[in-house]
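**Student:** Model the following, please.
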Amino acid sequence: MGGIGKTTLAKKVYNHTQVVECFPDCRAWAYVSQDCRPRDVYIQIIKQLVFTSTKDQQVLEMVEKLQEHELGDFLHEHLKEKRYLIVLDDVWSCREWNCLAKVSSNDPDCLGNVFPDGGNGSRLLLTTRDKDVALHADARSTPQEMQLLSKQKSWDLFCGKAFLDHVDADRYPPDLVQLGREMVDKCNGLPLAIVVLGGLLSRNMSHTEWTKVHDNINAYLAKEGSQTGVITVLNLSYIDLPSYLKPCFLHLSLFPEDYVISTRKLFLLWIAEGFVLSAEQADQQSMKVTAEVYLNELINRNLIQVVRMSVNARVMECRVHDLMRELAIRKAKEQNFFRTHDIADPLSSSTSNSSLFSSKCRRQSIYFDMERYASVEHNTPYLLSLLFFNLGYEICRISQLDFIGKCFKVLKVLDLEGVKVESLPSIVGTLIHLRYLGLRHTGLKLLPLSIGNLRSLQTLDVNNLKQVPNVIWKIQNMSYLYMEGQEDDIPLKIDTLENLQVLSGITLKQWIQNNSSKLTCLGKLKLEGRYELVEGVEFWKSIAKLRVLKFLYLKASEESSVPSLAMDSCLYLSKLDIKGHMQKLSETFQFPLNLSTLDSCRLDCDPMPILEKLPKLLTLRLRAESYLGKEMHVSANGFPQLKVLQLFELSEVIKLNIENGAIPWLMQLHCHDSTRISRVDKLSNLVEVKIVINSIFSSFAPWSTFSISLIVGKYRLYWDCSWTTNRNGQKEIWIRRKKGLTSDQNSAVAVEMIGPIFSRWDSTQERGS
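**Tutor:** Residues are numbered from 1 along each chain as shown. Predicted coordinates for the structure are as follows:
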């Protein structure tokens with residue numbers, strides 16, 4: 001049964017400290033789903049096991065072009081000498097398991113050939129709704145069958161979601177307890193239904209509201225079966241959604257099952273669809289900020305699952321549980337909101353077009369190759385959105401794209417991401433209502449000049465073009481322009497785009513030829529190229545004219561250098577990301593005073609004396625070769641608000657001196673084991689330390705996990721220590737404070753915890769003497 005907790009349990013096992021340490025180098029999680037495509041599953045696994053750093057992207061692109069059996073062979077070769085743990089989540093049938101396990105040109109009759117059994121403790125973990133699948137995959141093992149929750153466990157789970165203030169159970173309102181117990185009983189012990197119900201009721205603790213929900217559950221479930229009844233329980237959450245969230249939830253039904261959704265893309269799609277309130281209606285918030293609020297509301301209602309978060313706790317990727325997706329599909333079909341077409345759809349000539357492509361349908365998502373989709377007659381003249389997924393890597397001929405401009409005249413959203421095409425037909429310029437055009441990872445090198453006719457276009461998302469045609473200036477509604485990786489640095493006029501909020505990938509030469517003062521809405525800017533082609537003072541003056549700029553990303557070519565910063569006019573900047581050589585940082589008074597995040601690279605002088613004076617700096621990340629010196633020094637009272645300090649691959653830095661009173665609010669510290677850090681014991685709010693291990697410590701068993709128990713005064717204090725492997729194959733040790741320790745207790749044991757592990761740390765300075 002869906003929603004019973006299979007994936008939740010598997011994740012707890014997968015992320016358990018002892019399991020992580022038992023499989024430090026070779027661990028991957030792959031979503032399979034009902035529409036099983038072995039090729040996609042193999043690529044998911046390979047990306048996690050083999051190609052995790054940016055330097056591997058070119059090799060990864062070559063691997064992605066391999067055929068299914070070639071990918072199976074590649075994966076087999078990579079795994080056969082390793083001890084691995086691979087989770088295959090949501091395998092639906094024995095046939096799908098056979099496809100996943102047998103696809104190999106070497107020995108197609110050998111079960112499990114793609115996943116070799118080297119007798120070294122490797123493990124495959126499957127989740128499935130069918131016990132026969134588990135027995136078929138391994139007849140020698142006893143499957144862990146999930147059980148519905150008992151009444152008490154169901155009630156405990158419900159209370160944790162419904163009563164958010166976590167008061168004692170005997171203080172719950174008696175009238176709500178009675179109603180709550182009766183509703184929980186109707187969920188029949190299904191965790192997903194209980195969680196959604198609890199989230200629904202947590203927002204209104206009135207007896208009237210709970211009675212209303214209680215009566216609805218009784219009315220519906222009295223005449224429904226178990227699975228349909230669960231959908232009905234979940235449907236109450238949909239009914240409870242405010243009107244502005246309902247189309248956002250229905251839109252999620254367009255994405256394939258178990259699809260990991262980029263929130264950046266999701267926000268832009270919602271904006272193009274008109275689901276997000278205008279800035280005037282949303283108290284002058286930007287559209288993307290409002291869209292993020294919508295997403296977080298859906299997450300808080302347990303309708304969307306978080307997959308990945310950024311360092312500052314913003315959701316970067318999400319997905320939808322299959323039961324929630326089923327609910328969204330049902331509601332969307334009721335309202336003619338969309339239609340999906342996957343590989344199983346019968347696109348034969350004997351099937352009527354009306355059964356496949358209803359003229360009332362407003363949105364379509366395509367899960368099979370474009371050639372088949374283009375070959376049928378289209379009777380949806382009022383189609384608003386067309387999205388493509390999982391189309392493989394075959395080159396689409398230009399004639400295959402003509403039908404889009406001919407058949408869908410009122411199209412607002414066209415997403416071709418991942419479709420390999422050689423060129424875009426000029427007829428796309430006739431789509432005058434188009435608001436979103438997604439062309440990322442299509443292999444396109446040129447755009448037609450007719451793209452300048454798309455006067456309604458808000459978002460253009462494309463990368464790795466040979467050149468961008470100098471007609472973008474005509475699209476005056478453009479708000480989000482992504483064009484990273486241009487090969488030719490030709491002139492590009494953009495200063496007519498007064499609504500532009502995000503500009504990513506423009507070159508320095510192109511930028512300086514425009515009047516930046518006209519870009520009055522620009523909040524995010526990514527610049528690439530050779531900085532020596534531009535005079536430094538002139539460049540920084542152009543940046544200072546951007547009065548609402550919050551994010552600035554500067555990437556210099558390898559032979560170039562970023563000029564010294566002079567940014568006293570950028571009063572609203574909150575994040576600065578620099579990739580490229582810099583000789584020194586400017587003085588503090590020239591720096592934006594509310595800077596919250598900094599990624600800097602290849603500095604010759606210690607950046608700390610400058611950075612520590614930034615009163616609002618929350619996160620500081622110094623990445624590979626960002627500082628080439630031997631020592632860094634943080635003076636007393638430095639970094640008054642810093643919470644995260646990450647020092648990535650600073651191979652030359654051997655010492656970080658922290659004076660008393662410095663970095664008082666630091667919570668996360670990430671560094672290399674060769675860097676000695678003084679006065680760790682004074683960082684009383686520290687809760688997490690990550691240390692990248694040098695090969696000198698290879699004698700530590702990477703699968704060992706341990707807790708540290710120390711008696712300090714009258715307290716016995718515990719810290720968890722665990723080993724893992726990072727994306728570059730380096731060993732790391734994670735040291736995390738267990739919940740419940742006070743700052744004073746933490747201060748007393750921080751150095752005692754870390755000191756014994758790395759004797760090369762200066763014990764005298766560690767103890768603050």
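**Student:** Can you pull out the low-pLDDT segments for the stretch 651-769 of the chain?
**Tutor:** 681, 694-729, 737-769 (pLDDT under 70).
**Student:** now the helices for the stretch 301-450 of the chain?
**Tutor:** 322-334, 353-356, 370-375, 399-407 (DSSP state H, counting those that start in this stretch).
**Student:** Including distance to residue 273, could those go into TSV?
**Tutor:** Placement of C-beta: from N, CA and C, glycine included. Below are these laid out as TSV (distance: least, CB to CB, whole Å):
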stretch	distance to residue 273
helix 322-334	13
helix 353-356	23
helix 370-375	21
helix 399-407	18
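**Student:** hey, least reliable of those by pLDDT?
**Tutor:** Among the helices of the stretch 301-450 of the chain, helix 353-356 has the lowest mean pLDDT, at a mean of 44.
**Student:** and residue 464, what does it touch?
**Tutor:** Residue 464 makes contacts with 443, 445, 484-485, 487, as judged by CB atoms under 8 Å, 6 or more residues apart in numbering.
**Student:** repeat that with 10 Å
**Tutor:** Under the criterion of CB atoms under 10 Å, 6 or more residues apart in numbering, the neighbours of residue 464 are 440-445, 483-487, 505.
**Student:** and what of residue 125?
**Tutor:** Residue 125 makes contacts with 9-10, 13-14, 19, 29, 85-89, 144, as judged by CB under 10 Å, 6+ apart.
**Student:** likewise residue 258?
**Tutor:** 7, 30-35, 44, 89-90, 319-322, 325.
**Student:** ok, now how distant is it from residue 245?
**Tutor:** 22 Å (CB to CB, to the nearest Å).
**Student:** how near is the spatially closest residue to residue 92 that is not a sequence neighbour to residue 88?
**Tutor:** Computed as CB to CB, 6 or more residues apart in numbering, the closest residue to residue 92 that is not its neighbour in sequence is residue 34, at 5.0 Å. Counting by CB to CB, the gap from residue 34 to residue 88 is 13 Å.
**Student:** Between these two, tell me which one has more neighbours.
**Tutor:** Using other CB atoms under 10 Å, the more surrounded residue of residue 34 and residue 88 is residue 88, with 26 against 16.
**Student:** Residue 147 against residue 5, yeah?
**Tutor:** Yes. Residue 147 lies in contact with residue 5 (CB atoms under 10 Å); the separation is 9.2 Å.
**Student:** So between these two, which is more surrounded?
**Tutor:** Ranked by neighbour count (other CB under 10 Å), residue 147 and residue 5 place residue 5 first, with 20 against 10.
**Student:** Could you pull up phi and psi at the more buried one?
**Tutor:** When quoted as degrees, to the nearest 10, the phi and psi of residue 5 stand at phi 110, psi 20.
**Student:** how close does it get to residue 326?
**Tutor:** On the measure of CB to CB, residue 5 and residue 326 end up 17 Å apart.
**Student:** do residue 102 as well
**Tutor:** Using CB to CB, residue 102 is found at 30 Å from residue 326.
**Student:** Now, of the contacts of residue 125, which are buried?
**Tutor:** 10, 14, 19, 29, 85-89 (16 or more other CB atoms under 10 Å).
**Student:** Which of those residues fall in strands?
**Tutor:** In this view, those that belong to strands under DSSP state E are 29, 85-89.
**Student:** Residue 547: which of these is nearest?
**Tutor:** For these, the residue nearest residue 547 by CB to CB is residue 29; the value is 44.4 Å.
**Student:** ok, what's across the strand from that closest one?
**Tutor:** Beta-bridge partners of residue 29, counted by DSSP bridges, are residue 87.
**Student:** quick one: it and residue 23 touch, right?
**Tutor:** No. Residue 29 is beyond contact range of residue 23, at 11.7 Å (criterion: CB under 10 Å).
**Student:** Identify the contacts common to those two.
**Tutor:** Both residue 29 and residue 23 are contacted by 14, 85-86, under the criterion CB under 10 Å, 6+ apart.
**Student:** out of those, who's nearest residue 237?
**Tutor:** residue 14 (27.6 Å).
**Student:** now the helices for the stretch 601-750 of the chain?
**Tutor:** 608-611, 743-754.
**Student:** and the host helix or strand of residue 70, what other elements does it pack with?
**Tutor:** Secondary structure assignment for residue 70, by DSSP states H and E: helix 68-79. Contact partners of helix 68-79 among helices and strands, from 3 or more CB pairs under 10 Å, 6 or more residues apart in numbering; DSSP states H and E: helix 38-49, helix 57-64, helix 94-102.
**Student:** need these in a markdown table with mean neighbour count, mean pLDDT and distance to residue 217, can you?
**Tutor:** Formatted as a markdown table, the helices and strands packed on helix 68-79 follow (neighbours: other CB atoms under 10 Å; pLDDT from 0 to 100; distance: least, CB to CB, whole Å):
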| stretch | mean neighbour count | mean pLDDT | distance to residue 217 |
| --- | --- | --- | --- |
| helix 38-49 | 20 | 87 | 38 |
| helix 57-64 | 13 | 74 | 47 |
| helix 94-102 | 19 | 83 | 35 |
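**Student:** For the helix or strand residue 460 falls within, what is the distance to the chain centroid?
**Tutor:** In this structure, residue 460 sits in strand 459-461 according to DSSP H and E. Its chain's C-alpha centre and that of strand 459-461 lie 19 Å apart, by CA atoms, centre = their mean, to the nearest Å.
**Student:** quick one: strands adjacent to it?
**Tutor:** In the sheet, strand 459-461 lines up with strand 436-438 (parallel), strand 480-482 (parallel) (DSSP bridges).
**Student:** ok, residues contacting it?
**Tutor:** With CB under 10 Å, 6+ apart, strand 459-461 has contacts from 264-265, 267-269, 271-272, 413, 415, 417, 434-441, 447, 451, 454, 468, 472, 475, 477-484, 502, 504.
**Student:** Pull out the buried residues from those residues.
**Tutor:** 264-265, 267-269, 271-272, 413, 415, 417, 434-441, 447, 451, 454, 468, 472, 475, 478-484, 502, 504.
**Student:** just checking, which of the residues you listed belong to strands?
**Tutor:** Among the buried ones among the contacts of strand 459-461, the ones falling in strands (DSSP E) are 413, 415, 436-438, 480-482, 502, 504.
**Student:** could the residues you listed go into JSON lines alongside pLDDT and distance to residue 288?
**Tutor:** Shown next, in JSON lines, are those (pLDDT from 0 to 100; distance: CB to CB, whole Å):
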{"residue": "413", "pLDDT": "96", "distance to residue 288": "16"}
{"residue": "415", "pLDDT": "94", "distance to residue 288": "17"}
{"residue": "436", "pLDDT": "97", "distance to residue 288": "13"}
{"residue": "437", "pLDDT": "97", "distance to residue 288": "17"}
{"residue": "438", "pLDDT": "95", "distance to residue 288": "16"}
{"residue": "480", "pLDDT": "95", "distance to residue 288": "8"}
{"residue": "481", "pLDDT": "96", "distance to residue 288": "14"}
{"residue": "482", "pLDDT": "96", "distance to residue 288": "13"}
{"residue": "502", "pLDDT": "94", "distance to residue 288": "8"}
{"residue": "504", "pLDDT": "95", "distance to residue 288": "13"}
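**Student:** ok, the residues you listed vs residue 69, which is closest?
**Tutor:** Nearest member of those to residue 69, counting by CB to CB, is residue 415, at 29.8 Å.
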